[in-house]
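Engineer: Prediction below, plus the sequence it came from.
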Amino acid sequence: MSSRRRLLLWLQFGIAAIALAAVAALVDWPAAAGVWAAADLGWLAAAVLLSLTSFVPAALRWKRLLAAVHLQYPLLAAYRTYLVGVFCGLAMPGVIAGDAARILLCSRETRAPLALATSTVVAERALGVAALLSILALGIATVGGSTATGIPRWLPAVGVLFLAALLALPRCLRWLDRSWTDPASARGSGGATLLGRLRATIGALRDIRVTDLLLALALSIGFQLIDIVVVQAIGRALAIDLGLPTLLVTMPLVYLATVLPLSPGGLGVREGTMAFVLAQSGVSAPAAALLALTVFLNRVLVGAVGGLAYLAGGRIRPDDCGDTSSGTAAEAVVGQRNPPGGHNNQTAGRSAD
């Protein structure tokens, strides 16, 4: 691991530790012990089950995007890799550990190029941001009042522009193919090199249809909505009153904050943002912090299920879950390396159907 990468990693862990410590400091621990002791186990169990269920539309979305680039991947396999991704995101230090694990699993099991699987994960992340902005717009329209105070009114409009850009992406890629057919000839230019890498990563999306993207967006919204209901279920278990309209505003802001690579897997940033935003929505600071920590524990339980799926699968090495020292995870996400024994062109990836 380079000194720069090591410094960045330590900085991210430092941010996570500070954020978690700040959230923990807000909790009234004697009262929290009583709340946890009296928690409704039925609602907590429902939250775990809902969390596991939420990955069904996510797996359907990924399967649909993979099929759009002519790569067939079973729904059960896609679901399992999502669970493994949660486990790797919790257990490994890499910021993109979960995504890298999914990419590597899919590439090895289908013997397709890493860039092909990576392109669909990039599209997933973009659609996820568009879905969050859509939900936020719905929340602002329904809740009003102090909950939406301070949120820029132009933010939902950004979601519309973002979605329009996504829908136009395949056409832009096809235009790029016609206009720049020989990227190797432009080698030596830093901008051209970066564009070439980006083109290799998302170029497979040139054949995707608008209907595929819209369906994937709908599944993204369903995935995020179930996750919001999970938070509401945990609130009910802890006797914390959380209205669904309030969460439609709060949780998109929380998830959007974790898009920034400030800490490993958003650890600490997610919990700190949740505690802060809920406190602004009228929830007491100790209750908001306790809820944020309980949501984190729920994620750990889901990650444990992912760990079991990881052990049951046995097709991915431990160092593949975000090994930042070797750079495998990072390079997987930018599509620069192919798995051992994999094919080196898109045609070969299609023949794995």
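Structural biologist: On my side now, so go ahead.
Engineer: what residues are up against Gly85?
Structural biologist: 97-99, 101-102, 306 (CB atoms under 8 Å, 6 or more residues apart in numbering). The C-beta positions use only the backbone N, C-alpha and C, and glycine is treated the same way.
Engineer: need the residues you listed in CSV with secondary structure, pLDDT and distance to Val23, can you?
Structural biologist: Listed next are the contacts of Gly85 as CSV, based on DSSP: H, G, I helix; E, B strand; the rest coil; pLDDT from 0 to 100; distance: CB to CB, whole Å:
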residue, secondary structure, pLDDT, distance to Val23
Ala97, helix, 75, 22
Gly98, helix, 83, 22
Asp99, helix, 87, 25
Ala101, helix, 88, 27
Arg102, helix, 91, 28
Gly306, helix, 90, 24
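Engineer: Among those residues, which one sits closest to Val56?
Structural biologist: Nearest to Val56 out of the contacts of Gly85 is Gly306 (CB to CB; 14.5 Å).
Engineer: Please report how far Val35 lies from Leu44.
Structural biologist: Applying CB to CB, to the nearest Å, the value for Val35 to Leu44 is 12 Å.
Engineer: Check Trp36 too.
Structural biologist: 10 Å.
Engineer: Specify which residue of those two has the higher count of neighbours.
Structural biologist: Leu44 (20 against 15; other CB atoms under 10 Å).
Engineer: Correct me if wrong: that one contacts Val230.
Structural biologist: No: the pair Leu44 and Val230 does not pass the contact test of CB atoms under 8 Å, sitting 10.4 Å apart.
Engineer: residues shared between the contacts of those two?
Structural biologist: Common neighbours of Leu44 and Val230 (criterion: CB under 8 Å, 6+ apart): Asn298.
Engineer: mind checking which helix or strand the residue nearest the centre of the chain is in?
Structural biologist: Taking CA atoms, centre = their mean, the centroid of the chain lies closest to Arg125, which sits 6.2 Å from it. Assessed by DSSP states H and E, Arg125 sits inside helix 114-143.
Engineer: on that earlier part again, how near is the residue nearest to the centre of the chain to Leu60?
Structural biologist: 16 Å.
Engineer: and if you look at Thr294?
Structural biologist: 28 Å.
Engineer: Looking at the two, which one has more neighbours?
Structural biologist: Thr294 (23 against 18).
Engineer: Flag the shaky bits of the stretch 201-350 of the chain, pLDDT-wise.
Structural biologist: Low-confidence segments of the stretch 201-350 of the chain, defined by pLDDT under 70: 201-204, 260-266, 313-350.
Engineer: Let's see that with 50 instead.
Structural biologist: Counting by pLDDT under 50, the stretch 201-350 of the chain shows low-confidence ranges at 315-320, 322-350.
Engineer: For the strand or helix carrying Leu297, buried residues please.
Structural biologist: With secondary structure defined by DSSP H and E, Leu297 is part of helix 285-313. For helix 285-313, a neighbour-count test (16 or more other CB atoms under 10 Å) marks 285-296, 298-299, 302-303, 305-307, 309-310 as buried.
Engineer: Stretch 129-142 now?
Structural biologist: For stretch 129-142, burial by neighbour count (16+ other CB under 10 Å) applies to 129-140.
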